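**Q** sharing a model prediction with you, sequence too.
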Amino acid sequence: MVSFQESDRFAEQRRQMIEQDLKGRDITDPRVLEVMGRLPREWFVKPEYAAQAYADYPLAIGLGQTISQPYIVALMTQCLRLKGDETVLEIGTGSGYQTAVLALLCKKVYTIERFSELSARAQAVLARLGIENVEFFVGDGSAGWPEEKMRFERILLTAAIPSVPKPLEKQLAEGGLLVAPVGESWTQTLTVYRKENGILHPASVCGCRFVKLIGQYGFSEP
Ligand code: SAH
């Protein structure tokens, strides 16, 4: 495993985030806690926000988008129940922080972002961290990964959707899990879907608020 020692300046803030905001709530997956306990989150935020990188709220990353609150990243990742051998599709690369967490917990991540500027920034941070098991794509993630035949054991959407996009439902492998904030543009329910016999079975996790997924099978332009 890679060690990111350069960032020890933030070790105490990172420890507090793990103890109070993650373990102090309902994050119990030891692998999620271990990875978030060593990833330098300050690398994924704008330099002027570095001091707030471990705070218990989302931060602006430009282009009207946000890096999700650490607890939400941990909760969504925990919901994916990763063991290490899965192929994961992520829609909404954003800062790349969630992408990095996933990459350290599974075999391979495929991630789609609609803004090339955000994708490029995320690619640079992951390269700096030495994380190599990620493929980036710029485009509309609601239409799925461009190679139609691909199947993923896990799919994670980090932007809100009115309902599960059909192409994503199709690209979820049998027995796989899809995690997404589903609902209206201002408030959603974090939902876990399991695919059984080709049908998605939903389970609600909690209320949440994400930026909108803008695309063919998402919301139309704001
Ligand atoms: N996990 C990210 C969250 C970023 S916010 C992080 O913690 O940094 C959600 C992201 O989804 C934004 O970057 C937004 O631009 C992106 N997005 C919105 N609609 C999209 C679409 N149709 N396809 C791909 N990305 C999309």
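**A** Thanks, I have it.
**Q** contacting residues around the residue positioned nearest the centre of the chain?
**A** The centroid of the chain falls nearest to residue 98 when counting by Cα atoms, centre = their mean (3.8 Å). By Cβ atoms under 8 Å, 6 or more residues apart in numbering, the contact set of residue 98 is 68, 73, 76, 77, 90, 156, 158. Using the backbone N, CA and C atoms, a C-beta is placed for each residue, glycine as well.
**Q** quick check: closest non-adjacent residue to the second one.
**A** Nearest-residue entry for residue 73: residue 98, 5.2 Å, with adjacent residues in sequence omitted and distances by Cβ to Cβ, 6 or more residues apart in numbering.
**Q** helices and strands around the longest helix along the chain, which ones?
**A** Of all segments of type helix in the chain, defined using DSSP state H, the longest is helix 116-129. Where contact means 3 or more Cβ pairs under 8 Å, 6 or more residues apart in numbering; DSSP states H and E, helix 116-129 is packed against strand 59-62, helix 97-103, strand 108-113, strand 134-138.
**Q** let's have these in TSV, adding distance to the ligand.
**A** Output for the helices and strands packed on helix 116-129, formatted as TSV (distance: least, Cβ to the nearest ligand atom, whole Å):
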stretch	distance to the ligand
strand 59-62	6
helix 97-103	4
strand 108-113	5
strand 134-138	8
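**Q** right, and residue 210 touches residue 188 too?
**A** Yes: contact between residue 210 and residue 188 holds when scored by Cβ atoms under 8 Å: they sit 6.2 Å apart.
**Q** settle it for me: which of those two has more neighbours?
**A** The neighbour count for residue 210 versus residue 188, taken as other Cβ atoms under 10 Å, is higher for residue 210 (24 against 21).
**Q** residues in contact with the more buried one?
**A** With contact set as Cβ under 8 Å, 6+ apart, residue 210 has these partners: 68, 158, 159, 160, 181, 188.
**Q** same deal with residue 89?
**A** Per Cβ under 8 Å, 6+ apart, neighbours of residue 89: 109-112, 144-145, 150, 152, 154-156, 168, 171.
**Q** try it again at 7 Å.
**A** 110, 145, 152, 155, 171 (Cβ atoms under 7 Å, 6 or more residues apart in numbering).
**Q** longest strand anywhere in this protein?
**A** In the chain, taking DSSP state E as the definition, the longest strand is strand 172-183.
**Q** and that strand, what other elements does it pack with?
**A** strand 152-157, strand 188-196 (3 or more Cβ pairs under 7 Å, 6 or more residues apart in numbering; DSSP states H and E).
**Q** looking at those strands, which is closest to the ligand?
**A** Smallest distance to the ligand across the helices and strands packed on strand 172-183 (Cβ to the nearest ligand atom): 8.2 Å, for strand 152-157.
**Q** could you export the helices and strands packed on helix 116-129 as CSV, including mean pLDDT?
**A** Shown next, in CSV, are the helices and strands packed on helix 116-129 (pLDDT from 0 to 100):
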stretch, mean pLDDT
strand 59-62, 96
helix 97-103, 98
strand 108-113, 98
strand 134-138, 98
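**Q** okay if I get these as TSV plus distance to residue 199?
**A** Below are the helices and strands packed on helix 116-129 laid out as TSV (distance: least, Cβ to Cβ, whole Å):
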stretch	distance to residue 199
strand 59-62	36
helix 97-103	25
strand 108-113	24
strand 134-138	27
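**Q** ok, which of those comes nearest residue 83?
**A** For residue 83, the closest of those is helix 97-103, at 12.8 Å, according to Cβ to Cβ.
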